[in-house]
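Below: sequence and its predicted model.
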Amino acid sequence: MSEEKTGQKPENQTSNKQSKNKLNINTLFNIILLAGLIVLYGLYFLDPRDKQDVEPKDIDAIEKTLSDATINIGFVDSDELMQRFTLAQKMREEMLAEQRRLESDLTQKQRNFQRRVEEFQQQIQRGLISMEQAQVKEQELMQEQQELMMLSEEYSERLQQKEIDFNVELFDSISSFMNRYNVEMGYDFILNYSPGGGLLFGEEQYDITDDFIEKINEEMGERQ
């Protein structure tokens, strides 16, 4: 009998390891729930005489089981982060400044074009230019109008690309900081919360938004 148990032990260990590797989030939560129920049962439902027989080492073992089974989770409100993150604020200001500059430049060119069109119309009405000159001028104005349309598209694409670059830089900055932040905090999961997003609800005790924003802004201030 002893030899049979000895022979089966490696297979059992391999099976246990494979089983552990297949645990998913739901299984972990079930373990936590089961461990909590065991503790509650021991505290409230066992006969008081039985409680007196519980050794301190048994209590320590239960506490260790609960500690090992606990998943440390936090979530960050992404909308709040984008509003209060100093780098995001700086990028928004730069984006708005660039948008105003391009819009002002395009508006000024459109006004100049409109003025030349009105001058051309007045010249035709007063008979100040010949038919041949009018045709040449009309072609010039049509070409200028086409160029203005292309410039408008170019400015729009430039702003879109700038926004993409900003988002990439923001994502890289936040992701990089999050790794350093979690070295100190030791979370198993840091979730993203935004209205209408995948995380529909989170208890306030797991909301680490304020602490995360404070620390990332502090680090950004030290770098400047």
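Done, it's in. Numbering: from 1, shown residues only.

Spell out the residue ranges of the helices in this protein.
For the chain, the helices defined by DSSP state H occupy 2-21, 25-44, 48-52, 56-69, 78-84, 86-126, 131-185, 209-223.

How about residues contacting stretch 181-198?
Stretch 181-198 is contacted by residues 71-79, 178, 199, 202, 207-208, 212, 215-216 when judged by Cβ atoms under 8 Å, 6 or more residues apart in numbering. Heads up, the C-betas are built off the backbone N, CA and C, glycines and all.

Any of those buried? List them.
Among the contacts of stretch 181-198, the ones that count as buried by 16 or more other Cβ atoms under 10 Å are 74, 75, 76, 77, 78, 178, 207, 208, 212, 215, 216.

and of these, the nearest to residue 143?
Here the nearest of the buried ones among the contacts of stretch 181-198 to residue 143, counting by Cβ to Cβ, is residue 78; it sits at 47.0 Å.

Now for that closest one: which residues touch it?
192, 193, 194, 197 are the contacts of residue 78 under Cβ under 8 Å, 6+ apart.

Kindly report the same for residue 102.
Per Cβ under 8 Å, 6+ apart, neighbours of residue 102: 155, 158, 159.

Distance of the closest residue to residue 129 other than its chain neighbours relative to residue 136?
Leaving out its chain neighbours, the residue that sits closest to residue 129 by Cβ to Cβ, 6 or more residues apart in numbering is residue 123, at 4.9 Å. Counting by Cβ to Cβ, to the nearest Å, the gap from residue 123 to residue 136 is 12 Å.

Convert the C-alpha atoms of stretch 191-202 to PDB, please.
The C-alpha atoms that make up stretch 191-202 are tabulated as PDB, following Å, rounded to 0.1, in the frame of the first residue of the first chain:
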ATOM      1  CA  LEU A 191      -9.200  48.400 -14.200                       C
ATOM      2  CA  ASN A 192     -10.300  51.300 -16.400                       C
ATOM      3  CA  TYR A 193     -13.600  52.900 -15.600                       C
ATOM      4  CA  SER A 194     -15.500  55.300 -17.900                       C
ATOM      5  CA  PRO A 195     -19.300  55.900 -18.200                       C
ATOM      6  CA  GLY A 196     -20.700  53.400 -20.700                       C
ATOM      7  CA  GLY A 197     -17.500  51.300 -20.600                       C
ATOM      8  CA  GLY A 198     -17.000  47.700 -19.700                       C
ATOM      9  CA  LEU A 199     -16.800  48.300 -16.000                       C
ATOM     10  CA  LEU A 200     -20.400  49.000 -15.000                       C
ATOM     11  CA  PHE A 201     -19.900  49.400 -11.300                       C
ATOM     12  CA  GLY A 202     -17.100  49.600  -8.700                       C
END
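
Buried by neighbour count: which residues of that stretch qualify?
residue 193.

And for the closest residue to residue 173 other than its chain neighbours, the neighbour number?
Spatially, and ignoring its direct neighbours in sequence, residue 173 is nearest to residue 87 (5.9 Å; Cβ to Cβ, 6+ apart). Residue 87 is flanked by 19 other residues according to other Cβ atoms under 10 Å.

Surely residue 87 and residue 167 touch.
No - using Cβ atoms under 8 Å, residue 87 is not in contact with residue 167, being 11.7 Å away.
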